[in-house]
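Peer 1: fold the following.
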Amino acid sequence: MAKVSKRRAAIAGKVDKNKLYLMNEAMALVKDVNLAKFDASVDLHIRLGVDPRKADQALRGTVTLPHGTGKTKKVLVFCTPDKDDEARAAGADYVGLDDLINQIQGGWTDFDVAIAMPQVMAKVGRIGRILGPRGLMPNPKTGTVTADVAGAVGEVKGGKISFRVDKFGIVHASVGRIGFEPDKLSENAMELLSTLQKMKPSTAKGTYMKSITVASTMSPGIAVDTRVVR
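Peer 2: Here you go, the predicted model:
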(Lines give C-alpha, C1' and ligand atoms only; values in the text may rest on other atoms or scores of the structure.)
Protein backbone atom coordinates (compact mmCIF):
# COMPACT_ATOMS: atom_id res chain seq x y z
CA MET A 1 0.00 0.00 0.00
CA ALA A 2 2.88 2.35 0.85
CA LYS A 3 4.38 1.80 -2.59
CA VAL A 4 1.12 2.82 -4.25
CA SER A 5 0.90 5.92 -2.06
CA LYS A 6 4.47 6.95 -2.91
CA ARG A 7 3.82 6.40 -6.60
CA ARG A 8 0.64 8.42 -6.48
CA ALA A 9 2.42 11.21 -4.64
CA ALA A 10 5.27 11.24 -7.16
CA ILE A 11 2.85 11.37 -10.07
CA ALA A 12 0.70 14.06 -8.49
CA GLY A 13 3.86 16.10 -8.00
CA LYS A 14 4.36 16.25 -11.76
CA VAL A 15 1.17 18.29 -12.16
CA ASP A 16 1.54 21.97 -11.29
CA LYS A 17 -1.75 22.85 -9.62
CA ASN A 18 -1.11 26.56 -10.15
CA LYS A 19 -0.55 26.28 -13.88
CA LEU A 20 -3.01 26.42 -16.76
CA TYR A 21 -1.61 24.15 -19.46
CA LEU A 22 -1.87 24.41 -23.21
CA MET A 23 -3.87 21.53 -24.67
CA ASN A 24 -0.85 19.76 -26.19
CA GLU A 25 1.03 20.07 -22.89
CA ALA A 26 -1.94 18.70 -20.95
CA MET A 27 -2.33 15.70 -23.25
CA ALA A 28 1.37 14.84 -23.07
CA LEU A 29 1.25 15.17 -19.29
CA VAL A 30 -1.89 13.06 -18.82
CA LYS A 31 -0.10 10.18 -20.56
CA ASP A 32 2.88 10.64 -18.23
CA VAL A 33 0.83 10.67 -15.01
CA ASN A 34 -1.66 7.94 -15.92
CA LEU A 35 -1.70 5.19 -13.28
CA ALA A 36 -3.83 2.66 -15.14
CA LYS A 37 -2.24 -0.45 -16.60
CA PHE A 38 -4.95 -0.65 -19.28
CA ASP A 39 -5.78 1.62 -22.22
CA ALA A 40 -7.68 4.11 -20.09
CA SER A 41 -10.12 6.69 -21.36
CA VAL A 42 -8.94 10.32 -21.59
CA ASP A 43 -11.73 12.66 -20.59
CA LEU A 44 -12.49 16.35 -20.74
CA HIS A 45 -14.52 18.01 -17.98
CA ILE A 46 -15.73 21.44 -19.11
CA ARG A 47 -17.47 23.77 -16.67
CA LEU A 48 -19.74 26.14 -18.56
CA GLY A 49 -21.37 29.38 -17.47
CA VAL A 50 -24.87 28.11 -18.18
CA ASP A 51 -27.98 27.40 -16.11
CA PRO A 52 -29.14 23.89 -17.11
CA ARG A 53 -32.54 24.58 -15.50
CA LYS A 54 -33.30 26.89 -18.43
CA ALA A 55 -34.33 24.99 -21.56
CA ASP A 56 -32.15 27.01 -23.95
CA GLN A 57 -29.09 26.49 -21.74
CA ALA A 58 -29.48 22.74 -21.14
CA LEU A 59 -26.97 22.01 -23.86
CA ARG A 60 -26.75 18.65 -25.56
CA GLY A 61 -25.42 17.63 -28.93
CA THR A 62 -22.96 15.51 -30.87
CA VAL A 63 -19.50 15.86 -32.34
CA THR A 64 -17.47 13.61 -34.61
CA LEU A 65 -13.96 13.28 -33.23
CA PRO A 66 -11.39 13.39 -36.07
CA HIS A 67 -9.44 10.47 -34.63
CA GLY A 68 -12.35 8.52 -33.17
CA THR A 69 -12.77 7.45 -29.56
CA GLY A 70 -10.50 4.42 -29.60
CA LYS A 71 -13.41 2.33 -28.41
CA THR A 72 -15.64 0.20 -30.59
CA LYS A 73 -19.16 1.06 -29.52
CA LYS A 74 -21.94 -1.50 -29.54
CA VAL A 75 -24.80 -0.01 -31.54
CA LEU A 76 -28.42 -1.14 -31.31
CA VAL A 77 -30.99 -0.18 -33.96
CA PHE A 78 -34.76 -0.18 -33.49
CA CYS A 79 -36.25 -0.29 -36.99
CA THR A 80 -38.90 -1.70 -39.27
CA PRO A 81 -38.07 -5.08 -40.91
CA ASP A 82 -37.30 -3.51 -44.29
CA LYS A 83 -34.34 -1.65 -42.74
CA ASP A 84 -32.81 -4.65 -40.93
CA ASP A 85 -30.29 -5.57 -43.62
CA GLU A 86 -29.31 -1.94 -44.20
CA ALA A 87 -28.59 -1.42 -40.49
CA ARG A 88 -26.55 -4.62 -40.23
CA ALA A 89 -24.55 -3.78 -43.35
CA ALA A 90 -23.64 -0.41 -41.78
CA GLY A 91 -22.20 -2.20 -38.75
CA ALA A 92 -25.05 -2.32 -36.23
CA ASP A 93 -24.47 -4.94 -33.54
CA TYR A 94 -28.14 -5.51 -32.68
CA VAL A 95 -31.10 -4.91 -35.01
CA GLY A 96 -34.82 -5.45 -34.44
CA LEU A 97 -37.79 -4.02 -32.59
CA ASP A 98 -40.22 -6.05 -30.48
CA ASP A 99 -37.63 -8.70 -29.70
CA LEU A 100 -35.10 -6.12 -28.51
CA ILE A 101 -37.72 -4.24 -26.50
CA ASN A 102 -38.62 -7.48 -24.73
CA GLN A 103 -34.95 -8.18 -23.92
CA ILE A 104 -34.49 -4.67 -22.52
CA GLN A 105 -37.64 -5.00 -20.44
CA GLY A 106 -36.00 -8.11 -19.04
CA GLY A 107 -33.00 -6.09 -17.89
CA TRP A 108 -30.57 -6.39 -20.83
CA THR A 109 -28.71 -3.19 -21.76
CA ASP A 110 -25.40 -4.46 -23.15
CA PHE A 111 -24.95 -1.72 -25.77
CA ASP A 112 -23.52 1.81 -25.91
CA VAL A 113 -25.79 3.66 -28.35
CA ALA A 114 -29.40 3.11 -29.43
CA ILE A 115 -30.70 4.42 -32.76
CA ALA A 116 -34.37 4.37 -33.76
CA MET A 117 -36.52 5.22 -36.77
CA PRO A 118 -39.16 7.90 -36.03
CA GLN A 119 -42.05 5.54 -36.81
CA VAL A 120 -41.04 3.07 -34.09
CA MET A 121 -40.52 5.60 -31.30
CA ALA A 122 -44.01 5.01 -29.88
CA LYS A 123 -42.96 1.44 -29.07
CA VAL A 124 -39.47 2.45 -27.91
CA GLY A 125 -41.05 4.99 -25.57
CA ARG A 126 -42.37 2.12 -23.48
CA ILE A 127 -38.82 1.39 -22.31
CA GLY A 128 -37.88 5.03 -21.79
CA ARG A 129 -37.77 4.55 -18.01
CA ILE A 130 -35.02 1.95 -18.55
CA LEU A 131 -33.06 3.65 -21.32
CA GLY A 132 -33.39 7.26 -20.10
CA PRO A 133 -31.47 7.01 -16.81
CA ARG A 134 -28.68 5.15 -18.61
CA GLY A 135 -28.35 7.81 -21.31
CA LEU A 136 -29.41 5.31 -23.97
CA MET A 137 -32.75 6.77 -25.09
CA PRO A 138 -32.74 7.72 -28.81
CA ASN A 139 -33.15 11.46 -29.28
CA PRO A 140 -33.53 13.63 -32.41
CA LYS A 141 -31.11 16.21 -30.93
CA THR A 142 -28.29 13.68 -30.96
CA GLY A 143 -29.16 12.27 -34.38
CA THR A 144 -30.23 8.93 -32.95
CA VAL A 145 -33.85 9.23 -34.07
CA THR A 146 -33.61 9.18 -37.86
CA ALA A 147 -34.91 7.47 -40.98
CA ASP A 148 -31.29 7.12 -42.15
CA VAL A 149 -30.31 4.39 -39.69
CA ALA A 150 -27.35 3.25 -41.80
CA GLY A 151 -25.89 6.76 -41.84
CA ALA A 152 -26.36 7.13 -38.09
CA VAL A 153 -24.67 3.78 -37.41
CA GLY A 154 -21.75 4.79 -39.63
CA GLU A 155 -21.30 8.07 -37.75
CA VAL A 156 -21.25 6.40 -34.33
CA LYS A 157 -18.80 3.74 -35.49
CA GLY A 158 -16.67 6.49 -37.05
CA GLY A 159 -16.17 8.45 -33.84
CA LYS A 160 -19.36 10.44 -33.26
CA ILE A 161 -20.07 11.04 -29.57
CA SER A 162 -22.98 12.57 -27.71
CA PHE A 163 -22.60 15.02 -24.85
CA ARG A 164 -24.85 16.95 -22.52
CA VAL A 165 -24.40 19.44 -19.72
CA ASP A 166 -25.14 17.99 -16.29
CA LYS A 167 -27.12 19.71 -13.53
CA PHE A 168 -23.95 21.45 -12.34
CA GLY A 169 -23.23 22.98 -15.76
CA ILE A 170 -20.42 20.54 -16.58
CA VAL A 171 -19.90 18.55 -19.78
CA HIS A 172 -18.02 15.26 -19.32
CA ALA A 173 -16.79 13.55 -22.49
CA SER A 174 -14.19 11.01 -23.55
CA VAL A 175 -11.87 12.29 -26.30
CA GLY A 176 -9.78 9.15 -26.82
CA ARG A 177 -7.61 6.59 -25.04
CA ILE A 178 -4.33 6.88 -23.19
CA GLY A 179 -2.65 5.01 -26.06
CA PHE A 180 -3.35 7.87 -28.50
CA GLU A 181 -0.57 10.27 -29.45
CA PRO A 182 -0.87 13.66 -27.66
CA ASP A 183 -1.57 15.54 -30.90
CA LYS A 184 -4.50 13.26 -31.74
CA LEU A 185 -5.95 13.68 -28.25
CA SER A 186 -5.51 17.45 -28.60
CA GLU A 187 -7.25 17.56 -31.97
CA ASN A 188 -10.17 15.51 -30.64
CA ALA A 189 -10.44 17.77 -27.60
CA MET A 190 -10.34 20.96 -29.66
CA GLU A 191 -13.09 19.64 -31.93
CA LEU A 192 -15.34 19.17 -28.90
CA LEU A 193 -14.47 22.57 -27.45
CA SER A 194 -15.04 24.29 -30.78
CA THR A 195 -18.47 22.66 -31.03
CA LEU A 196 -19.40 23.80 -27.52
CA GLN A 197 -18.20 27.32 -28.30
CA LYS A 198 -20.51 27.48 -31.32
CA MET A 199 -23.41 26.32 -29.15
CA LYS A 200 -23.07 29.19 -26.64
CA PRO A 201 -26.62 30.29 -25.75
CA SER A 202 -27.35 33.96 -26.38
CA THR A 203 -28.91 34.11 -22.92
CA ALA A 204 -25.79 32.86 -21.11
CA LYS A 205 -24.28 35.67 -19.03
CA GLY A 206 -20.71 36.19 -17.86
CA THR A 207 -17.84 33.82 -18.62
CA TYR A 208 -19.02 30.95 -20.83
CA MET A 209 -16.11 28.50 -20.66
CA LYS A 210 -15.19 28.66 -16.98
CA SER A 211 -12.74 25.78 -16.70
CA ILE A 212 -11.37 22.82 -18.65
CA THR A 213 -9.82 19.79 -16.97
CA VAL A 214 -8.14 16.79 -18.60
CA ALA A 215 -7.86 13.47 -16.78
CA SER A 216 -7.57 9.79 -17.58
CA THR A 217 -9.58 7.11 -15.78
CA MET A 218 -6.75 6.96 -13.23
CA SER A 219 -4.81 10.21 -13.18
CA PRO A 220 -4.81 13.59 -11.43
CA GLY A 221 -6.80 16.35 -13.12
CA ILE A 222 -4.84 18.77 -15.31
CA ALA A 223 -6.19 22.31 -15.75
CA VAL A 224 -6.20 23.64 -19.32
CA ASP A 225 -6.09 27.33 -20.22
CA THR A 226 -9.59 28.21 -21.47
CA ARG A 227 -8.05 30.70 -23.88
CA VAL A 228 -7.10 27.79 -26.15
CA VAL A 229 -10.69 27.90 -27.43
CA ARG A 230 -10.73 31.55 -28.51
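Peer 1: check contacts around residue 130.
Peer 2: Residues near residue 130 by CB atoms under 8 Å, 6 or more residues apart in numbering: 104, 105, 109. Heads up, the C-betas are built off the backbone N, CA and C, glycines and all.
Peer 1: and the residues you listed as JSON lines, adding distance to residue 221 and secondary structure?
Peer 2: What follows is those, written out as JSON lines (distance: CB to CB, whole Å; DSSP: H, G, I helix; E, B strand; the rest coil):
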{"residue": "104", "distance to residue 221": "35", "secondary structure": "helix"}
{"residue": "105", "distance to residue 221": "39", "secondary structure": "helix"}
{"residue": "109", "distance to residue 221": "29", "secondary structure": "coil"}
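Peer 1: okay, which residue is most central for this protein?
Peer 2: Centroid-nearest residue in the chain, with CA atoms, centre = their mean: residue 173, separated by 3.9 Å.
Peer 1: just list whatever residues bridge to it.
Peer 2: Beta-bridge partners for residue 173, by DSSP bridges, are residue 44.
Peer 1: so how far is residue 150 from the nearest residue in space to residue 151 that is not next to it in sequence?
Peer 2: Leaving aside its sequence neighbours, residue 151 sits nearest to residue 90 (CB to CB, 6 or more residues apart in numbering; 7.6 Å). For residue 90, the distance to residue 150 equals 4 Å [CB to CB, to the nearest Å].
Peer 1: equivalent analysis for residue 98, please.
Peer 2: Distance, residue 98 to residue 150, by CB to CB: 21 Å.
Peer 1: got it, and residue 166?
Peer 2: 31 Å.
Peer 1: tell me which of the two has more neighbours.
Peer 2: Set residue 166 next to residue 150 and count neighbours by other CB atoms under 10 Å: residue 150 wins out with 20 against 11.
Peer 1: quick one: that one is in a strand?
Peer 2: No. Looking at residue 150 with DSSP: H, G, I helix; E, B strand; the rest coil, it is helix, so not inside a strand.
Peer 1: quick one on the thing from earlier: for the residue nearest to the centre of the chain, give me its contacts.
Peer 2: Going by CB under 8 Å, 6+ apart, residue 173 touches 43, 44, 46, 161, 163, 192.
Peer 1: how about 6 Å then?
Peer 2: Residue 173 sits next to 44, 163, 192 when contact means CB atoms under 6 Å, 6 or more residues apart in numbering.
Peer 1: looking at those residues, state which has the most neighbours.
Peer 2: Counting neighbours by other CB under 10 Å, residue 44 leads those with 24 neighbours.
Peer 1: least trustworthy helix or strand in this structure by mean pLDDT?
Peer 2: Lowest mean confidence among the helices and strands of the chain (mean pLDDT, DSSP states H and E): helix 2-12, at a mean of 66.
Peer 1: which SSE is immediately downstream of that one?
Peer 2: Proceeding N to C from helix 2-12, the next assigned helix or strand is helix 23-32, under DSSP states H and E.
Peer 1: hang on, the earlier thing: lowest-confidence one in the contacts of residue 173?
Peer 2: Of all those, residue 163 has the smallest pLDDT value, namely 92.
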